[in-house]
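**Q** okay, structure incoming, though there's no sequence with it:
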């Protein structure tokens, strides 16, 4: 797939919701977006990044997991101007959906990370490790049984946000330490 051309087909966060979300869905996304709060240390980390990172998000405005994760990406991009964020509706972009399938299915949200010059760097989704731990714990023991998977004082949403931030950071350090990109930027 030509990632440069595909990236250009993507929409901003607001444009994606305006095009694909019903008023009810837009309201859910806006409500969750308002609850996302980055900690000062997370904001400082995001502001420190130097390498442009193209982030292609395969999503569905109807998807509950997207409602609870995609607003985080918008907050990351607001704090780190080097993050170039584009959203793609899964059903409108089956080529991207096929490329980003998870366990043989067209899942969302799934994120494809690319370098400024359109090389694939990584892929992550549809849920984070913290979310899957919680789902498995609920299956195995029921929701009332303590699992020990969260740090003291950490909410499940905070854990998911940190998982996503860790993946965005991993990609940033791949790009920052790339010999090819260090030569290109003379750093």
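**A** That came through fine. Only a predicted model underlies this, so the values are computations on that prediction, with no experimental measurement involved.

**Q** now stretch 95-111: average pLDDT?
**A** Mean pLDDT, stretch 95-111: 94.

**Q** so which bits of that stretch are buried?
**A** 96, 97, 99, 100, 106, 107, 108, 109, 110, 111 (16 or more other CB atoms under 10 Å). Bear in mind the C-beta positions are built from the backbone N, C-alpha and C, glycine included.

**Q** what's the first-to-last distance across that stretch?
**A** 14 Å (CA to CA, to the nearest Å).

**Q** just use 860 as the starting number from now, easier for me
**A** Yep, numbering from 860; the last one is stretch 954-970 now.

**Q** can you list contacts of it?
**A** Outside stretch 954-970, the residues that touch it by CB atoms under 8 Å, 6 or more residues apart in numbering are 860, 865, 914-919, 922, 924-925, 928-929, 932, 947, 949-950, 953, 971, 982-985, 1026.

**Q** so where do the strands sit in this protein?
**A** Secondary structure of the chain by DSSP state E: the strands cover 912-918, 942-948, 969-974, 979-984.

**Q** what helices and strands are in contact with the lowest-mean-pLDDT helix or strand in the chain?
**A** Lowest by mean pLDDT, DSSP states H and E among the helices and strands of the chain is helix 988-1000, with a mean of 82. If contacts are counted by 3 or more CB pairs under 8 Å, 6 or more residues apart in numbering; DSSP states H and E, helix 988-1000 sits against helix 1015-1036.

**Q** can you list the weak-confidence ranges in the chain?
**A** Per-residue confidence for the chain (pLDDT under 70) gives these ranges: 1000-1013.

**Q** out of the strands of the chain, which is closest to residue 1033?
**A** With CB to CB as the criterion, residue 1033 lies closest to strand 979-984 of the strands of the chain, at 5.6 Å.

**Q** what residues sit buried inside that closest one?
**A** Buried residues in strand 979-984, counted by 16+ other CB under 10 Å: 980, 982, 983, 984.

**Q** same question, stretch 917-929
**A** Buried, per 16+ other CB under 10 Å, within stretch 917-929: 917, 918, 919, 920, 921, 922, 924, 925, 926, 927, 928, 929.

**Q** so what touches that stretch?
**A** 872, 875-876, 879-881, 884-885, 887-888, 891, 916, 946-950, 952, 955-956, 959, 967-971, 984-987, 990, 1016, 1019, 1023.
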